[in-house]
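1. Got a predicted model here, sequence first, then my questions.
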Amino acid sequence: MKKDHDTREADLLLYNAYLYPVDADPIENGAAVIRNGKIILVGTSDEILKDWEKHVKEKIDCHGDFLMPGFIDGHGHFNGLGNNILNLDLLNTRSWQEIVDSVKVRAQKAKAGEWIVGRGWHQEKWDTPVNPNVNGYPYNDELNAVSPNNPVLLSHASGHSLMANKKAMENSHVTKETPDPVGGRIVRDASGVALGVFEENAMDIIYGGYKEFESYKDEADRIATWMEATREAGRHCLEHGITSFEDAGSTLDEVKRYQQLAMSDSLPLRLYVMVHQPLEELKGHMEGFPILHSGNEMFTCRAIKAYIDGALGSYGAWMLEPYADKAGWTGQNVTPVEDLRKIADFCMASGLQMCVHAIGDKANRTVLDIYEEEFKAHSDKKDLRWRIEHAQHIDPGDIPRFKQLGVIASMQGIHCTSDAPFVVKRLGEKRAKEGAYPWRTLLDAGVVIANGTDAPVERVDPIPNFYALVTRKRVDTGQAFFQAQCMSRKEAIHTCTLANAYAAFEEDIKGSITTGKWADLVLLSQNLLHCPEDSILKTKVLMTMVGGKVKYQNELFRQ
Ligand SMILES: [Zn+2]
């Protein structure tokens, strides 16, 4: 008797929802019962209300709105996102002048010597090209004028180049004689004058100056800023219906901090982290790794992040054939292949997943080659789920290899439409059509596509990402990019939820509305499966729930 009563007790009942579980068909008048943060039953509202209404502590009427598993961002930079919120956000800037003006405002308020940091500019997205320019890049003269005493460091939207002012270059000890480092370039004009633009590995010179300044700050100050950024990132994600985030590169120190937050129940959402640090610094420091399901399954760290090339916009993507708009140039290999092999060995020996950033078709092929070799040498190890981050431009011949090797293509829908203005320019029509963001071809070949926003490279908002996946249309101009490669709506939702859970080895605990999984849910104002295409972007997050707790609710949310 007692036992029966116990099993009929629950904390929360959500009902009257258009419930899309992702791993099953939608339930039109759906309901879910939650106990101890987990889903214990899914069904129709009529059935569930009849049996459970008297046995739950709380009920939420969803008023027919769209209930689905919380979004999982499959690739982003969690603390970078938070920092971006704290720093200058240049993602929406439409001209160089607008950027100069926003630096000017910061410089007027900044303490002497303090660095002004920003991110998100992109010269291809300006309404009018800047003059004078080199490859479309401006000179830093205006930045020097508005900020003579404060170093300025403005990262490119791609994360693969930056603009520094004169003060930042001085503080980073850059002189006329400073050579280009291996795998990087200090952009100079025909007369040898450096513009202030640093590409790929050359960015480290300016980061060095910035880090030197930061190192004079005391540890407590730095950690306080880091914590603030983490809080901001969490808040921002929850507002956008994101219940799990896959961080594509943190240091071991950051991993420790995240784990402590998880253990003290202070992580706002579930976090999966890839470690990004030089191999020599990792060796001997991986005790306790992989970190699985830490802090009540809020934190996981089981992967290593590495880079093989740069980005397409800055001509850093490593291509099999030269760029269409840069004769003879095939991009940059930023980590020697031999070193990537060593990282692969290290991952295999340590039981870690390997995740390599690869944009160009040569980069993707080379990573597949490295993985294939490593898997062959360790054929006893199964279900490794190694990932290629971005997998952006793939030679059609390499697409079936993802499936054959079980490699996950960890892509970003929104990159497709936001890069659209320059992809054909860089690659030419044929390569763009056959191998740029080839989602349809990958899915048809049975490849698992994980999906993210790469925030803060793009906004962390999953709705524009979803729109890009199902339409391949730009939000501003409506211009479509090779629509034959679109995903269906169900496929798109799958890549933003369950596929990301799979890519983190966590499909047994999250990613769908299924009995036994965590109640990580989002309630949306529109039905993503059926709303008209042109209204998708108007979709609002009404409520976000992590582990059965409401972590965000919009003023439109009626309980
Ligand atoms: Zn990234």
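-> Everything's here; your move.
2. What is the neighbour count of Glu434?
-> Glu434: 18 surrounding residues under other CB atoms under 10 Å. (C-beta placed from N, C-alpha, C; glycine too.)
3. How about the contacts made by the residue nearest to it when sequence neighbours are not counted?
-> Distances taken as CB to CB, 6 or more residues apart in numbering put Pro396 closest to Glu434, at 5.2 Å, once the chain neighbours are dropped. Each residue near Pro396 by CB atoms under 8 Å, 6 or more residues apart in numbering is listed here: 434-435, 438, 441.
4. Does anything pack onto the host helix or strand of Tyr467? Which helices or strands?
-> Applying DSSP states H and E as the criterion places Tyr467 in helix 462-471. For helix 462-471, the elements it packs on are helix 413-435, helix 489-495, judged by 3 or more CB pairs under 8 Å, 6 or more residues apart in numbering; DSSP states H and E.
5. quick one, which of the ones you listed is nearest to the ion?
-> Across the helices and strands packed on helix 462-471, the ion has its closest neighbour in helix 413-435 (9.9 Å, CB to the ion).
6. right, and the helix or strand after that closest one?
-> With elements assigned by DSSP H and E, the helix or strand that comes after helix 413-435 is helix 439-444.
7. and that following helix, average pLDDT?
-> Helix 439-444 shows a mean pLDDT of 98.
8. residues of it that come out buried?
-> Within helix 439-444, the residues scored as buried using 16 or more other CB atoms under 10 Å are 439-443.
9. now that helix: how far from the chain's centre is it?
-> 21 Å (CA atoms, centre = their mean, to the nearest Å).
10. Same check on stretch 454-462?
-> 6 Å.
11. What of stretch 485-505?
-> So, by CA atoms, centre = their mean, the centroid of stretch 485-505 is 14 Å from its chain's centroid.
12. in it, what's buried?
-> In stretch 485-505, counting by 16+ other CB under 10 Å, buried: 485-487, 489, 491-505.
13. Compute the first-to-last residue distance for that stretch.
-> 27 Å (CA to CA, to the nearest Å).
14. And stretch 308-326, by the same measure?
-> Stretch 308-326: ends 20 Å apart by CA to CA.
15. Which residues of the stretch 51-200 of the chain lie near the ion?
-> Contacts of the stretch 51-200 of the chain with the ion, taken as CB under 5 Å from the ion, are absent.
16. Helices of the stretch 51-200 of the chain, residue ranges please.
-> Secondary structure of the stretch 51-200 of the chain (DSSP state H, counting those that start in this stretch): helices at 78-86, 96-109, 141-146, 166-171.
17. could I get those helices as TSV with mean neighbour count?
-> Formatted as TSV, the helices of the stretch 51-200 of the chain follow (neighbours: other CB atoms under 10 Å):
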stretch	mean neighbour count
helix 78-86	22
helix 96-109	16
helix 141-146	18
helix 166-171	21
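18. Among those helices, single out whichever gets nearest to Lys376.
-> helix 78-86 (34.3 Å; CB to CB).
19. what's the closest one in contact with?
-> So helix 78-86 is contacted by 117, 119-120, 225-226, 228-234, 236-237, 245, 247, 250, 254, 271, 273, 455-456, 460 (CB under 8 Å, 6+ apart).
20. redo that, cut-off 6 Å
-> By CB atoms under 6 Å, 6 or more residues apart in numbering, the residues outside helix 78-86 that reach it are 119, 229-230, 232-233, 245, 247, 455-456, 460.
21. follow-up on the earlier one: with respect to Ile304, which of the buried residues of helix 439-444 is nearest?
-> Leu442 (23.5 Å).
22. Check the gap between that closest one and Asn150 for me.
-> As judged by CB to CB, to the nearest Å, Leu442 and Asn150 stand 46 Å apart.
23. repeat for Asp180
-> 26 Å.
24. Any idea how many residues pack against the nearest residue to His55 once chain neighbours are set aside?
-> Distance criterion CB to CB, 6+ apart; nearest residue to His55, sequence neighbours excluded, is Arg8 at 4.4 Å. Summarising burial for Arg8: neighbours were counted as other CB under 10 Å, giving 13.
25. For the nearest residue in space to Lys104 that is not next to it in sequence, give me its contacts.
-> Leaving out its chain neighbours, the residue that sits closest to Lys104 by CB to CB, 6+ apart is Val146, at 3.9 Å. By CB under 6 Å, 6+ apart, the contact set of Val146 is 100, 103-104, 107.
26. still on that earlier bit, output the helices of the stretch 51-200 of the chain in CSV; the columns should cover mean pLDDT.
-> Formatted as CSV, those follow (pLDDT from 0 to 100):
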stretch, mean pLDDT
helix 78-86, 92
helix 96-109, 96
helix 141-146, 98
helix 166-171, 98
